[in-house]
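# Let me see the structure of the following:
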Amino acid sequence: MAPAKPARETHWPLGSMKIVATLLAVLLFSALVVSAGHELTFYPSYYPQEVTVRFVTPATAAALLRKNALHAYVGADPFAGGAAPAETRWVDSLRGWVVLTFPRAGGAFAEPEARCAAAAQLARTLGERAGFVAHAYPVTPYHEDYVLHADLAQKVRDRGPGRLPRVRASGALAKVVGVAGVATGGAGAEAVVEEVELSSLLAGAEATVNGWTGPPWLKEGWFHAWLLQSSPAARKAAEDMFRRRTDGGWQTATERVSLERRLVRALSAGCERVVLGYTVRREPLNNAYNEGVENVAADSQAGLASPIFVRTAKLKDFPWNGWLHVGVPGPPRAAWNPIAGFTDVPGEVVWAAIGDPALLLDPDNARFIPNRARPVSVSEVAEAPADALVPATLRPAGAPQPARTKIVHRVLLSKSHDGTRMGVADVVYPYAFVARWGGAGAGREHDAEIERASALPRRLLVAVRVTAVNKEVKDLGDMQLLYDVPEVEVYLKPVLDARTAVSIAPPWSPVPWHVLALMEQAVARGLGAFSEREAQRRGAPWLDLARDARQREALTSLAAELERKAWVPEPLRGLVTAEQARARWAALRAFAHAHGHFLATAGPYMLGKRTSESVTLPVFRDFTYALGVGSFDQYPIPLHAYVRAVDRSGERLEIQADVESIEKAGRSYKIVRDSFRPQPPTEKTREPLTVHWLVVDAADEVVAAGTSRDVLGSRLVVDLAGRVKPGAHRVVLALALNGNLVKPEVKVVSYRVGE
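Okay, the predicted model is just below:
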């Protein structure tokens, strides 16, 4: 049972609220009783006991931050360059790019060389005056793969001067262009300057459905370069390279890196559309000694609007039982359904808390990290076994099916918010769901947004097989907690590298099967549509499980009907009995009656009180939730490493490095820099100090690429023996400390082999 909130809490200073929360928490801990079968009702599965998301304008957010009534503001800098409180800490992330587009080929800019030189000159001329970092290359220091492109980016920056075009710009860019002395023109403009925000760039490319996030290269710079390029000629020139990169048409790291560099060069060669620089989003955090928030992780590209934020942030006064207040630009516009809703910033923040994806994006690089699905192994095979389940029907294939990659996952099950314990049916039903609603067609059982978002996993997935449901015990001293952990095999058609394979259709959804089935029945009966686009096509409401009173009433009647019928979706018949189905529907109806909505998930927070000004998200207190306090403490406060010196010993490079570390004092900390000395790994170490390197020849072609964690004494070692042919080369180096590749220091050294 969670502590009751004081009346009119939104008007209390945060410190007063925390004092009350502390006293209540002491009483609750004193009264905690362990009941039989571990059916526990109080468990601090995450730091704050409740998250309050407030829909406020930037001006209101600034006032609340000054009064210590807000801990963070998501999406923007509410102080707009003005004075912020001294206790403010800032989170920086990639907001987007400033691009120059030549809509017509002709005149002084008919040739690529003239366009490229003009872009480089314009980037230098505008630079920080226009609020962006001059960087005429699409891969930025906020991309993990920046180290693989840093030498090419430097060459672009070093381009000679060019003639500035007459430009057309809008908004803030238009004001700066005039002040900088750049000629402007309306219909007679030779080029257009605009900002392309990352969120809008990814709107048609990011895939989030059923707890899956994709594509696997969602955060990588070469992929963003492909999306940024609007020129049909440039796209056509790079099309084959893009297909090879995304379809696994490479075998080694060297081949992959070479493909990515050639792809970006091909896209940029004609300069029909060229990047001038990138923009940075600044989001404030309240860092006050008592009233503030600490231990915050934020994504290098999504910033605070990412699941990692709410999974790490804790309050300084009393971390386990305070109220975290987060401001977002509002009010919400998108419908709240977990399939194709939550598409605006308020929705993203709410879903980040009440949802729980299979995998999370690492905030400091482009990889996926385990969450509810835990990849165990990736191996190459010849086929999927005959008893593996066909995704669309969830029936055994009956004969071996061609497949080349097998991924084994462990899945962390728990209860969902309506009290029902999740099982195998919840793990496998998402596969049948996307097969039904994502397949080609335009009938009642189809949604174009689900088709788009699930295209890659549907194309690559062959079969799934649940091989066991293991019982795992967590020993807490006075009690032992028992967890169900299914082991699931996922079979894919092509041979894929492990990093890509694990993110393709992992076996998990935070939405229980009966909530998915309720939504399916609602959409099939015309009560709503999953996506905004499909709602517009059908002339139906955008399905909302919480905020639309008329839809809630219809869903209530529908759930009662499904309970009477003990209804089970066809693919689950044989996995779910009528008795089990009736119990699920009864639990969901009781949950909806108690909470006023049907958004029962298996996430760390629940959807609570909703008003036009805010929404509260109480923590889900249950011992079956397997990811407790500290599960993601490796991710706050990203640290850097620096190359101090590079010495050559034969065909080996030996790197002396400096590394950062944290010195904590009470609720404050400072980052210190010292010489690298190998240390044993700790629970807060994601990976050892790693050097990312590539060797390029005089023509900028990749000769070799890779990573190394080899240590000789206190030096990192890159062994190039047998990798490099005779000639003059350059070696590009960057160090990743604890996996952090955001804004790395990049070192380029000369390397000659033979004559």
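# Q154 and E383, how far apart?
As judged by CB to CB, to the nearest Å, Q154 and E383 stand 48 Å apart. Glycine gets a C-beta too; all of them are placed from N, C-alpha and C.
# Among those two, which residue is more densely surrounded?
Each of Q154 and E383 had its neighbours counted (other CB atoms under 10 Å), and the higher figure belongs to E383 (17 against 13).
# First-to-last residue distance for stretch 675-689?
Start-to-end span of stretch 675-689 (CA to CA, to the nearest Å) is 12 Å.
# Tell me the buried residues in it?
Applying a neighbour-count criterion of 16 or more other CB atoms under 10 Å, the buried positions in stretch 675-689 are 676, 686, 688-689.
# could I get the residues you listed as TSV with distance to W323 and pLDDT?
Formatted as TSV, the entries for the buried residues of stretch 675-689 read as follows, by distance: CB to CB, whole Å; pLDDT from 0 to 100:
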residue	distance to W323	pLDDT
F676	41	96
R686	30	80
P688	38	92
L689	39	95
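# Out of those residues, give me the two with the largest separation.
Farthest pair in those (CB to CB) is F676 and R686. Separation: 16.4 Å.
# ranges for the strands of the stretch 101-250 of the chain?
With DSSP state E, counting those that start in this stretch as the criterion, the stretch 101-250 of the chain has strands at 133-134, 167-168, 191-197, 207-209, 212-214.
# Where does pLDDT dip in this protein?
Counting by pLDDT under 70, the chain has low-confidence residues at 1-46, 105, 128, 179-181, 441-443, 681-684, 755.
# Which one of the strands of the stretch 101-250 of the chain lies nearest to V523?
Distances from V523 to each of those were compared using CB to CB; the minimum, 14.0 Å, belongs to strand 207-209.
# about what we covered before: ok, which of the strands of the stretch 101-250 of the chain comes nearest N365?
The stretch from the strands of the stretch 101-250 of the chain with the least distance to N365 (CB to CB) is strand 212-214; that distance is 14.8 Å.
# So what sits opposite the residue nearest to the spatial centre of the chain in the bridge?
Most central residue of the chain, judged by C-alpha distance to the mean C-alpha position with CA atoms, centre = their mean, is L361 at 4.1 Å. Beta-bridge partners for L361, by DSSP bridges, are F368.
# quick one: it from T213, how far?
Counting by CB to CB, the gap from L361 to T213 is 7 Å.
# what residues do the two have in common as contacts?
Where contact means CB atoms under 8 Å, 6 or more residues apart in numbering, the residues bridging L361 and T213 through contact with each are F368.
# burial count for A302?
23.
# Name all residues that make contact with it.
Counting by CB under 8 Å, 6+ apart, A302 has contacts 93, 361.
# going forward can the numbers begin at 28, since that is how I track them
I'll keep to 28 as the first residue from here, and by that count the last item is A329.
# do you know how far it is from L716?
Counting by CB to CB, the gap from A329 to L716 is 26 Å.
# before we move on, what about T638?
Counting by CB to CB, the gap between T638 and L716 amounts to 49 Å.
# buried sites along stretch 662-678?
662-665, 667-670, 673.
# Show me the helices in the stretch 328-477 of the chain, by range?
Here the stretch 328-477 of the chain has its helices, by DSSP state H, counting those that start in this stretch, at 334-337, 372-381, 451-465, 475-480.
# would you turn these into a markdown table with distance to E282?
Rendered in a markdown table, the data for these read as follows (distance: least, CB to CB, whole Å):
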| stretch | distance to E282 |
| --- | --- |
| helix 334-337 | 32 |
| helix 372-381 | 36 |
| helix 451-465 | 31 |
| helix 475-480 | 29 |
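# and P112, which of those helices is closest to it?
Taking CB to CB as the criterion, P112 comes closest to helix 334-337 out of those, the separation being 20.1 Å.
# so how far is L764 from Y173?
Using CB to CB, which is the criterion applied here, Y173 is 16 Å from L764.
# Kindly report the same for F618.
Applying CB to CB, the value for F618 to L764 is 45 Å.
# between these two, which one's more packed in?
Remark: of F618 and L764, L764 carries more neighbours, 25 against 22, as counted by other CB under 10 Å.
# Report the beta-bridge partner residues of the more buried one.
Checking L764 by DSSP bridges, which sets the bridge assignment, gives partners N767.
# re earlier: okay, the buried residues of stretch 662-678 in JSON lines with distance to K774 and secondary structure next?
Compiled in JSON lines, those are given as follows (distance: CB to CB, whole Å; DSSP: H, G, I helix; E, B strand; the rest coil):
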{"residue": "Y662", "distance to K774": "26", "secondary structure": "coil"}
{"residue": "P663", "distance to K774": "27", "secondary structure": "coil"}
{"residue": "I664", "distance to K774": "24", "secondary structure": "coil"}
{"residue": "P665", "distance to K774": "19", "secondary structure": "coil"}
{"residue": "H667", "distance to K774": "13", "secondary structure": "coil"}
{"residue": "A668", "distance to K774": "11", "secondary structure": "strand"}
{"residue": "Y669", "distance to K774": "9", "secondary structure": "strand"}
{"residue": "V670", "distance to K774": "4", "secondary structure": "strand"}
{"residue": "V673", "distance to K774": "7", "secondary structure": "strand"}
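# Among these, which pair sits farthest apart?
P663 and V673 (30.8 Å).
# out of the buried residues of stretch 662-678, who's nearest G213?
Of all the buried residues of stretch 662-678, P665 has the smallest distance to G213: 44.7 Å, by CB to CB.
# Am I right that G275 is in contact with A528?
No. Taking contacts as CB atoms under 8 Å, G275 lies outside contact range of A528: 9.3 Å.
# Kindly tell me how buried A113 is, as a neighbour count.
Neighbours of A113 using other CB under 10 Å come to 7.
# sec struct for it, please.
When states are read from DSSP: H, G, I helix; E, B strand; the rest coil, the local structure at A113 comes out as coil.
# now stretch 692-700, how far from the chain's geometric center?
Going by CA atoms, centre = their mean, to the nearest Å, the spacing between the C-alpha centre of stretch 692-700 and its chain's C-alpha centre is 28 Å.
# Likewise for stretch 665-677?
Distance, centroid of stretch 665-677 to centroid of chain: 30 Å (CA atoms, centre = their mean).
# Against E114, how distant is the spatially closest residue to A218 that is not a sequence neighbour?
Counting by CB to CB, 6 or more residues apart in numbering, P192 is the residue found nearest to A218 once chain neighbours are left out, at 4.4 Å. When CB to CB is the yardstick, P192 and E114 sit 45 Å from each other.
# quick one, which of the two is more surrounded?
The residue with more neighbours, out of P192 and E114 and counting by other CB under 10 Å, is P192; that gives 25 against 17.
# which ones are touching the more buried one?
Contacts here follow CB under 8 Å, 6+ apart; on that basis P192 touches 127, 129, 135-136, 145, 149, 210, 216-218.
# again with A732
175, 280-281, 283-285, 720-722.
# Who wins on neighbours among these?
Neighbours were tallied for each of the contacts of A732 (criterion: other CB under 10 Å), and the maximum of 29 neighbours falls on L175.
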